[in-house]
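Asks: Show me how the following folds:
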Amino acid sequence: PFRSGGFGAFGAFEARTERFAVYCIRVETADGATITVWRRYMDFCKLHAMLDDDHCRSIQARLPPKHVFSMLQLSPQFLLARQAQLQHYLTTILSSSALADDVAVRAFLTPKGY
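Replies: Sure, this is the predicted structure:
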């Protein structure tokens, strides 16, 4: 199982004509290994949709709201704020043993599993 999760760096990447942010997540496993995965906001949305709504509500795991695309969303201030919100969301999920052991969470925190 995963012991803790934390964000390292983030970056704005360009693919074709679309721009989007990708967040680097570093996770420490129970055996002390560190795993690094890169996830977009939409990956967090997919994870949230797969988790049990009742359990997420009971531990108050709230995904930050989606914003309509604008260049402002790629500003350093926006990215830092979104990073902090996603960090809180992920930390809240990992604090629940039921959610931390969920197959969707495990896949989300595995480099090739999502």
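
Asks: What distance do you get for Cys24 to Ala107?
Replies: Per C-beta to C-beta, to the nearest Å, Cys24 is found 17 Å from Ala107. Just so you know, the C-beta spots here come from the backbone N, C-alpha and C atoms, and that holds for glycine as well.

Asks: Can you tell me which helices and strands the longest helix seen in the chain packs against?
Replies: Determined from DSSP state H, the single longest helix within the chain is helix 76-94. Contact analysis of helix 76-94 by 3 or more C-beta pairs under 8 Å, 6 or more residues apart in numbering; DSSP states H and E lists strand 2-15, strand 18-29, helix 41-50, helix 97-100 as its packing neighbours.

Asks: 6 Å - rerun?
Replies: Applying 3 or more C-beta pairs under 6 Å, 6 or more residues apart in numbering; DSSP states H and E, we find helix 76-94 packed against strand 2-15.

Asks: Mean confidence (pLDDT) on the strand it packs on, please.
Replies: Throughout strand 2-15, pLDDT has a mean value of 48.

Asks: how much does the longest helix of the chain deviate in direction from strand 18-29?
Replies: 40 degrees (axes from the mean of the first three to the mean of the last three C-alpha atoms, to 10 degrees).

Asks: Any buried residues in helix 76-94, and which?
Replies: Using 16 or more other C-beta atoms under 10 Å as the test for burial, helix 76-94 gives 79, 82-83, 85-86, 89-90, 93-94.

Asks: Stretch 37-57 too?
Replies: 37, 39, 41, 43-44, 47-48, 51, 56.

Asks: Give me the distance from it to the chain's centre.
Replies: 8 Å (C-alpha atoms, centre = their mean, to the nearest Å).
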